[in-house]
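Chemist: Fold the following for me, if possible:
(4 chains)
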4 protein chains.
Amino acid sequence: MNDPLIIGGHTFNSRFILGSGKFSLEMTKAVIENGGVEMATLALRRANAGGEENILDYMPEGITLLPNTSGARDAKEAVRIARLARELGCGDFVKVEVIHDSKYLLPDNRETIKATEILAKEGFIVMPYMMPDLAAARAMADAGAAAIMPLGAPIGSNKGLLTRDFVKILAEEIDLPIIVDAGIGRPSQACEAMEIGAAAVMANTAIATAGDVAVMARSFKLAIEAGRLAYLAGPGRVLEHKGEASSPLTGFLQD
Amino acid sequence: MNDPLIIGGHTFNSRFILGSGKFSLEMTKAVIENGGVEMATLALRRANAGGEENILDYMPEGITLLPNTSGARDAKEAVRIARLARELGCGDFVKVEVIHDSKYLLPDNRETIKATEILAKEGFIVMPYMMPDLAAARAMADAGAAAIMPLGAPIGSNKGLLTRDFVKILAEEIDLPIIVDAGIGRPSQACEAMEIGAAAVMANTAIATAGDVAVMARSFKLAIEAGRLAYLAGPGRVLEHKGEASSPLTGFLQD
Amino acid sequence: MNDPLIIGGHTFNSRFILGSGKFSLEMTKAVIENGGVEMATLALRRANAGGEENILDYMPEGITLLPNTSGARDAKEAVRIARLARELGCGDFVKVEVIHDSKYLLPDNRETIKATEILAKEGFIVMPYMMPDLAAARAMADAGAAAIMPLGAPIGSNKGLLTRDFVKILAEEIDLPIIVDAGIGRPSQACEAMEIGAAAVMANTAIATAGDVAVMARSFKLAIEAGRLAYLAGPGRVLEHKGEASSPLTGFLQD
Amino acid sequence: MNDPLIIGGHTFNSRFILGSGKFSLEMTKAVIENGGVEMATLALRRANAGGEENILDYMPEGITLLPNTSGARDAKEAVRIARLARELGCGDFVKVEVIHDSKYLLPDNRETIKATEILAKEGFIVMPYMMPDLAAARAMADAGAAAIMPLGAPIGSNKGLLTRDFVKILAEEIDLPIIVDAGIGRPSQACEAMEIGAAAVMANTAIATAGDVAVMARSFKLAIEAGRLAYLAGPGRVLEHKGEASSPLTGFLQD
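Modeler: Now for the predicted structure:
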C-alpha cells in the first residue's frame, strides 16, 4: 500500500519518529534499524559535542534529522537554537519545544506559536510540540507549521495517550499531520494514537527504558503500522449494551 | 525470532486466531491470507451445510480448524457438538462455548469446566471460552484444558479489553496459553492483550464490521505481533507524578 | 426520599456496608458513626477472641452484623464457619467468602454456589462474595442468595471498579441487590458503582488506609448517597463527537 | 467542618457552581435549592431580556451571579460583554469564555489570557474558562485571575473528566482555586474532580438532561461534598499487583 507521510514537502514511508535523547549513539543506530525509522530528533548539544564523537556520524544514511529546541524557555531562545542547528548542517526541519515548567516539563503553547511564526518565515519546516489545544493548533497552522506535535502525557512518563479525545479532535479539525510526541509508553498506545488519526508517533523513553531496546523498537514499528492500517480500514461499530452472536449456530439459543 | 505458540502439542507461528462466523466463505479466505492466520474457528452448522458449499473447501491449505460448540446451552450439548465435529473430520481441537444468556451471550464457567473434563478425557484438545476468573481457569487447567480463552468484553460488542486486570492475572498465574477471545474491537486492544501476557488473540466482529476487511486483517496481524514483541522486550517503567527530560539540552532548564 | 435497601426481609436506610477487618475496635465505632453504617462485616476470630475484648461490645446499638467466612478454602469450611458464627450469636446474615488463591485473594464461584445453597436451606440470609459472572450470579440466586456481592478489584487493592461493565450487567439482569464488595478505593468509585445500579457498596481498606479515617468514612457515606440519587434520577445522555452550547448567548457564534 | 471556598475575597460554603443556561427560570430555582448552590452563571442575553421575565428575579436571595462572556469570539468581545454585565447590575464576578470553534466549542486560551488581564485591571473578579494547560494557567494567574476554570470535556458533552491528569497538575501547581467547568456528566466524575484537588465543580447539562432534575442536583451536591472530604482526608494507597486480606481470619489460608 502506498501511503506516504508528507511533511513540508518531504516524503516519508515510516510513521515512527525516534526521539533520540536517551540513547547512546550506538543504540540510536540499532533502534533506527529495527524500527525502520526515517526521522530522528537531535538535541543540539549532542550534535555539537566538539572533539568527541559526533551524533551525526551515527545516523544511518537517509535519516532526516529533526533538531529540537529543547532547553528553550521562550520563543527567543527557541529561535536561537533553531538557527544554530541549521548553521551546524542539521537541515531545515526543526521541532520547536519551549518549556519553562521544571516538574512536568509541559510545553508553553503561546511562546511556541511565536517561535513557529518566526521560524516558518525563515524557511524552516517547523514542527511545534504542544499541549493538545485546538485553538493553539489552529494558530500554529496559521503561523506556518508543517505538522503539529501534541503530547500524549508528560514527557518521559510512559503514561500513555491521556490526551486521546483532544488528539482526535486535532486529527479531525487540523489539515496538517498530527504527530503524537510525548508520553507514549507502550506500542498499544502508539497503535491507538494512529487508529484515531495521528499521522505519526514519536517515541523515546518507552524504548530506552524497555528490557530489550531493539525488540521494543521493532514492536513500535509494527504497532504504528497496524494503527495506520486500522485508521485506513475504518474501525467497526461498538455495541454498548449487548453481545452479538458471531456464529450461526448460536441460533440454537432461540430454538 | 523463533517464538512459536504451542497448543496441545501443535505448533503455530501466528498468534492471530480468526473467528470465522461472520464472514462469507470467500471473505474468510481473504482474511486468513491477509492476517497470516493459521487457526480459524468453525461453527458446526457451516461445516455441515449439506448440498451447498462447504466451508472446509474454503479453508486454505494448512489452516487448523477450531470447531466451536456455539449453540450449546450446557455441558451435555457442548459435548455432543464436539463429538459431531470430530466425526465430520474437523480434527481434535475444540473450543468449548456454553452460553445460556441471550442478551450478553456470556459463557457459563461451571458447565464449561464439566464439558472440558469430558472432552479432554476423550482426547480432544480443549480450549474453553470463559469469564476471566482465576479459580475457574485453574479448574479448567486441572480438567485438562490445552489453553484458556477468557473474553475481553461481550462477544460481538467491539468494546475492547474490559477484563484487562483479570486477563493479566490469568497470564501470570496459569501455566497454559491464555487466548483473549471476544470483545476485542480494535488492533490496539489486541496489542494490549498481548503486551500483558496473552499468548494469542481471536478476532471476528472487529474485522467483519470494519470498512475494509482485508486491510483490517493485516492490521490485526501486525498489532498482535507488536504486542507479543513488547511482552518479550519487557515494557518500560511509568512515572506517575512528573515528566523526565529525554534530551540533554534540557539541562538549560537548570542553568 | 424513602428508598430503603431490603436484604432477606430486613430493611436498611444506609447503603454503605463496612468491612471491619482492618480497624481497631474503637476505630470501627468511629467509622460506623461517621459513615452512617447499619451493617458491618465481622470476621469470626474477632468475635470469638476469648478473654480479650469482644468486637460485639464495640458495635453500636442497631448495627446488623454480617459475619463472613473469610479463611474458608472450600464450601465445607465456609459452611462450618457460618454455623459457628450463628451459634456465637452473630445472627442469620452471612457473607460467604471462599478463597484459595493466596496472591490476589480472588473468590471461587463454584464453591461459593455450593455453600450458598447449603446455608440458604438452613435459614441463613446468604450474601455470596463473587467474581462478577452472570451465570454464577444466576446460580447463586437460584441457590437462595439474598444479595450478590461482586468484587470491583482484588480485595485490599483500592484499584477501583475494574469490573464496571460486568457489575452493570448483574444489576440489570439479576433480581437481587448487587453489592460491590472489594477493591473500591475512593468515594468516586463507590459513587460510580451506585450510579450503574449497585444497591450498596462495602468498603474497608479504602477507609483504613486513608489519612483521616473518620473524614473518609463521611465521604463514602455522601458518595454512596449521591450515586444512589443519580441512579434514581436517571443520568443524562453523552455526546460523543461534539460539544453543545449551554448558554443562549453562544448564538453569537452563528451570527 | 469549616472549609470555605474563597474566590476574589468572597467566601462560599458550597463548592457546586451551577451553569444555568439550560434551565427554565423556575427550574433554575429548584436546582439551586436542591443543590445548595451559592453561585450560578448567567448568560447576558437572559439577564437582559427586556420586557419579559428577568432571570435576576428568579435567583434566590444570596446567590452570587457569575455572568459569563459566552458568545465572545475574541478578547475584545469578551471585555465588552463583561462590562455590559457589570453595568446591568450583575456584580464584579465574570467568567471569561472565548470560543471560536463551532463544533467542539473549545476555549481559546490566548484570547482568554488577554481578556483576563484587561478585566482584572478594571477590578473584575475574573474566572477564565480554559483548556487545561499549565503554562496558560500560570499566565492567567499572572494576569490577575481569581480562579482557573479548566474543562473536563467538551461543553455539554457529559463525557466526564477526560482531562483528569492535567487538572490534577493544575491543582498541584497553581495557587488559585481550580474549578472544573465543562463536560462533567455524572456525580461520580464531579466527585473524582474534587478528590484530585479541584476546589469546585460547575455542572449544567448533566443536570438539565437528567431524568429528574431536582434529584440530580441533590446528587451533585453530595458527590462534590464527598470528593472534597476525600481530598481532605487523604486517599489510601493502591496495590498494583496483589490483593491484601482485610480480615484476620484469612490467616487460615496460611495454616
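Chemist: Which positions in the stretch 1-150 of chain A make contact with chain D?
Modeler: Residues of the stretch 1-150 of chain A lying close to chain D by CB under 8 Å from any CB of the partner chain are A:100-101, A:103-104, A:106-111, A:113, A:131, A:133-136, A:139. Heads up, the C-betas are built off the backbone N, CA and C, glycines and all.
Chemist: neighbours around the residue of the stretch 1-150 of chain A found nearest chain B, how many?
Modeler: Ranked by CB to the nearest CB, the top residue of the stretch 1-150 of chain A for proximity to chain B is A:G71, at 3.1 Å. Using other CB atoms under 10 Å in any protein chain shown, A:G71 has 24 neighbouring residues.
Chemist: if I look at it, how far off is A:L105?
Modeler: Plainly put, A:G71 is 11 Å away from A:L105 if you go by CB to CB, to the nearest Å.
Chemist: residue boundaries of the strands in chain A?
Modeler: A:5-7, A:10-12, A:16-18, A:39-43, A:64-68, A:93-96, A:125-130, A:149-150, A:179-180, A:200-203 (DSSP state E).
Chemist: Can you list the strands that the third one pairs with?
Modeler: Going back to what we said before, that points to strand A:16-18. Here strand A:16-18 has these sheet partners by DSSP bridges: strand A:39-43 (parallel), strand A:200-203 (parallel).
Chemist: Dump the ones you listed to JSON lines, plus mean neighbour count and mean pLDDT.
Modeler: JSON lines is the format used below for the strands paired with strand A:16-18 (neighbours: other CB atoms under 10 Å in any protein chain shown; pLDDT from 0 to 100):
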{"stretch": "strand A:39-43", "mean neighbour count": "26", "mean pLDDT": "88"}
{"stretch": "strand A:200-203", "mean neighbour count": "28", "mean pLDDT": "96"}
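Chemist: and of the ones you listed, who's closest to B:L5?
Modeler: Nearest to B:L5, of all these, is strand A:200-203, at 26.9 Å by CB to CB.
Chemist: And the contacts of that closest one?
Modeler: A:5, A:12, A:15-19, A:41, A:147, A:149, A:177, A:179-182, A:184, A:190, A:193-194, A:220, A:224, A:227 (CB atoms under 8 Å, 6 or more residues apart in numbering or on different chains).
Chemist: re earlier: can you tell me which of the strands of chain A has the worst average pLDDT?
Modeler: Sorting these by mean pLDDT places strand A:39-43 lowest, at a mean of 88.
Chemist: what sits up against it?
Modeler: Identification of contacts with strand A:39-43 by CB under 8 Å, 6+ apart yields A:12, A:14, A:17-21, A:28, A:32, A:55, A:59, A:63-68, A:70-71, A:85, A:90, A:93, A:95, A:202, A:204, B:247-249.
Chemist: Check stretch A:116-123 too.
Modeler: By CB under 8 Å, 6+ apart, the residues outside stretch A:116-123 that reach it are A:75, A:78-79, A:82-83, A:92, A:94, A:96, A:126, A:128, A:140, A:143-146.
Chemist: hmm, try it at 10 Å
Modeler: With contacts defined as CB atoms under 10 Å, 6 or more residues apart in numbering or on different chains, stretch A:116-123 is touched by A:8, A:69, A:75-76, A:78-79, A:82-83, A:86, A:92, A:94, A:96, A:98, A:124-128, A:130, A:139-146, A:148.
Chemist: tell me which parts of the stretch 151-255 of chain A are close to chain C?
Modeler: Contact residues, the stretch 151-255 of chain A versus chain C (CB under 10 Å from any CB of the partner chain): A:D165, A:K168, A:I169, A:E172, A:E240, A:H241, A:K242, A:G243.
Chemist: Make TSV out of these and add neighbour count.
Modeler: Output for those, formatted as TSV (neighbours: other CB atoms under 10 Å in any protein chain shown):
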residue	neighbour count
A:D165	21
A:K168	19
A:I169	27
A:E172	14
A:E240	8
A:H241	13
A:K242	14
A:G243	25
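Chemist: With pLDDT added, can I get those residues in a markdown table?
Modeler: Shown next, in a markdown table, are those (pLDDT from 0 to 100):
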| residue | pLDDT |
| --- | --- |
| A:D165 | 96 |
| A:K168 | 96 |
| A:I169 | 96 |
| A:E172 | 95 |
| A:E240 | 79 |
| A:H241 | 77 |
| A:K242 | 78 |
| A:G243 | 82 |
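Chemist: Okay, now the unreliable bits of chain A?
Modeler: Chain A contains residues with pLDDT under 70 at A:1, A:45-58, A:246-255.
Chemist: can you do 90?
Modeler: For chain A, applying pLDDT under 90 flags the ranges A:1-2, A:19-30, A:42-62, A:88-90, A:100-103, A:155-157, A:235-255.
Chemist: what about the helices in it?
Modeler: Using DSSP state H, the helices of chain A run over residues A:25-35, A:44-47, A:55-58, A:75-87, A:109-121, A:134-142, A:164-173, A:187-195, A:205-208, A:213-233.
Chemist: Next, the angle from the first one to helix B:213-233.
Modeler: It stands for helix A:25-35. Using axes from the mean of the first three to the mean of the last three CA atoms, to 10 degrees, the direction of helix A:25-35 lies 150 degrees away from that of helix B:213-233.
Chemist: So which elements touch helix A:25-35?
Modeler: With contacts taken as 3 or more CB pairs under 10 Å, 6 or more residues apart in numbering or on different chains; DSSP states H and E, helix A:25-35 sits against strand A:16-18, strand A:39-43, helix A:55-58, helix A:205-208, helix A:213-233.
Chemist: And for the longest one?
Modeler: The helices and strands touching helix A:213-233, judged by 3+ CB pairs under 10 Å, 6+ apart, are strand A:16-18, helix A:25-35, helix A:187-195, strand A:200-203, helix A:205-208, helix B:187-195, helix B:213-233.
Chemist: let's see it at 7 Å
Modeler: In terms of contacts (3 or more CB pairs under 7 Å, 6 or more residues apart in numbering or on different chains; DSSP states H and E), helix A:213-233 is packed against strand A:16-18, helix A:25-35, helix A:187-195, helix A:205-208, helix B:187-195, helix B:213-233.
Chemist: What I need now is these written out in TSV, including mean neighbour count for each item.
Modeler: Below are the helices and strands packed on helix A:213-233 laid out as TSV (neighbours: other CB under 10 Å):
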stretch	mean neighbour count
strand A:16-18	27
helix A:25-35	19
helix A:187-195	31
helix A:205-208	26
helix B:187-195	31
helix B:213-233	26
